[in-house]
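J.: can't give you the sequence, but here's the structure:
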């Protein structure tokens, strides 16, 4: 009689198949609820790290201007910038770090000249570097890598200098980004670029540049520069992203932009 009672108790302590399936279903549901929150938290951390990088670049640019009276150029042919590659993000790193990332003046070490200044000639004293970069390879340009944002995959932070005497005060072609993204590279057109950096002002009824000094732009979490829209039912997986947006789509919210910049948009 005693043995039978023990056997019944052991049987009562087990889980039925229905109970196991119920527990598994609850776990799957909890994971489904938590995943978006975790993903949003990760994106927030990466956005904060990118914003921090932008602020650090700003500090470096202001220190550079204090020493040399103007901001670095973002295109070939300006202020002695004749290096190759000539994209703005390479110019930014070259000027903020100096030849081989060692700063300017008595800190610079080049094979042809010592105490070199950023715009030619020699410089007394030591200046910079104004930004700490990761060294890679050798040579004035290859010694430092362009500044990347904190998202995955990482992409370059674009740099543009304001050129008031030119036809385009900010030119989207200053950063071709052929090495950053072979698929989309840069803004698809001048118009797509100006949607972001030259928005329409309803008070003056004109489009105005958001800044008159320089622009720093990260592609943001969606990894696309500028405004984009999602088209359902086309492309792999039933959705595709395109940058072919119109002004109306920007104003009515159909096209969205999550770029991280040194200005509000």
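T.: Everything's here; your move. The model shown is predicted, which means the values in this text are computed figures rather than measured ones.
J.: Identify the residues contacting stretch 44-62?
T.: For stretch 44-62, the external contacting residues (Cβ atoms under 8 Å, 6 or more residues apart in numbering) are 71-72, 92, 96, 130-131, 147, 149-152, 157, 159, 214, 216, 218, 220-221, 260-262. Backbone N, C-alpha and C define where each C-beta goes, glycine included.
J.: Report the distance from that stretch to the chain centre.
T.: Taking Cα atoms, centre = their mean, to the nearest Å, one finds stretch 44-62 lying 10 Å from the centre of the chain it belongs to.
J.: In that stretch, which residues are buried?
T.: Buried residues in stretch 44-62, defined by neighbour count with 16 or more other Cβ atoms under 10 Å: 46, 47, 50, 51, 53, 54, 57, 60, 61.
J.: just for this protein, where's the confidence low?
T.: Within the chain, the stretches with pLDDT under 70 are 1-14, 34-35, 107-114, 134-143, 177-185, 232-239.
J.: Name the next helix or strand downstream of the helix ranked longest in it, please.
T.: Looking across the chain with DSSP state H, the single longest helix is helix 17-68. Next helix or strand after helix 17-68 toward the C-terminus (DSSP states H and E): helix 88-97.
J.: Distance from the chain centre to that next one, please.
T.: Centre-to-centre, helix 88-97 and its host chain are 15 Å apart (Cα atoms, centre = their mean).
J.: just checking, what packs against it?
T.: For helix 88-97, the packing partners by 3 or more Cβ pairs under 8 Å, 6 or more residues apart in numbering; DSSP states H and E come out as helix 17-68, strand 158-161.
J.: got JSON lines for those, with distance to residue 119 too?
T.: Putting the helices and strands packed on helix 88-97 into JSON lines (distance: least, Cβ to Cβ, whole Å) gives the following:
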{"stretch": "helix 17-68", "distance to residue 119": "7"}
{"stretch": "strand 158-161", "distance to residue 119": "13"}
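J.: Do you have the strands of the stretch 101-250 of the chain handy? List them.
T.: For the stretch 101-250 of the chain, applying DSSP state E, counting those that start in this stretch gives strands covering 104-105, 126-127, 158-161, 200-201, 206-207, 214-218, 229-232, 239-242.
J.: The fifth one pairs with which strands?
T.: Using DSSP bridges, the strands paired with strand 206-207 in its sheet are strand 200-201 (antiparallel).
J.: and residue 21, how many neighbours?
T.: Counted with other Cβ atoms under 10 Å, the neighbours of residue 21 add up to 11.
J.: Could I get the contacting residues of it?
T.: Residues near residue 21 by Cβ under 8 Å, 6+ apart: none.
J.: Begin at 39 from now on, thanks
T.: New numbering, starting at 39: the last item is residue 59.
J.: Just want to check the distance between it and residue 53.
T.: Per Cβ to Cβ, to the nearest Å, residue 59 is found 10 Å from residue 53.
J.: Equivalent analysis for residue 113, please.
T.: Counting by Cβ to Cβ, the separation of residue 113 from residue 53 is 69 Å.
J.: again with residue 80
T.: 35 Å.
J.: Which one of these two is surrounded by more residues?
T.: The neighbour count for residue 80 versus residue 53, taken as other Cβ under 10 Å, is higher for residue 80 (13 against 10).
J.: Show me what the residue nearest to the spatial centre of the chain bridges to in the sheet.
T.: Of all residues in the chain, the one closest to the mean position by Cα atoms, centre = their mean is residue 256, 2.4 Å from it. When assigned by DSSP bridges, residue 256 has beta-bridge partners residue 298.
J.: Go ahead and confirm it touches residue 184.
T.: No - judged on Cβ atoms under 8 Å, residue 256 makes no contact with residue 184 at a distance of 12.0 Å.
J.: which residues are common contacts for these two?
T.: Common contact partners of residue 256 and residue 184 (Cβ under 8 Å, 6+ apart): residue 195.
J.: ok, now which ones touch residue 231?
T.: 208, 210, 225, 264.
J.: tell me the contacts of the first one?
T.: For residue 208, the contacting residues are 198, 200, 201, 231, 235, 236, 247, 253, by Cβ under 8 Å, 6+ apart.
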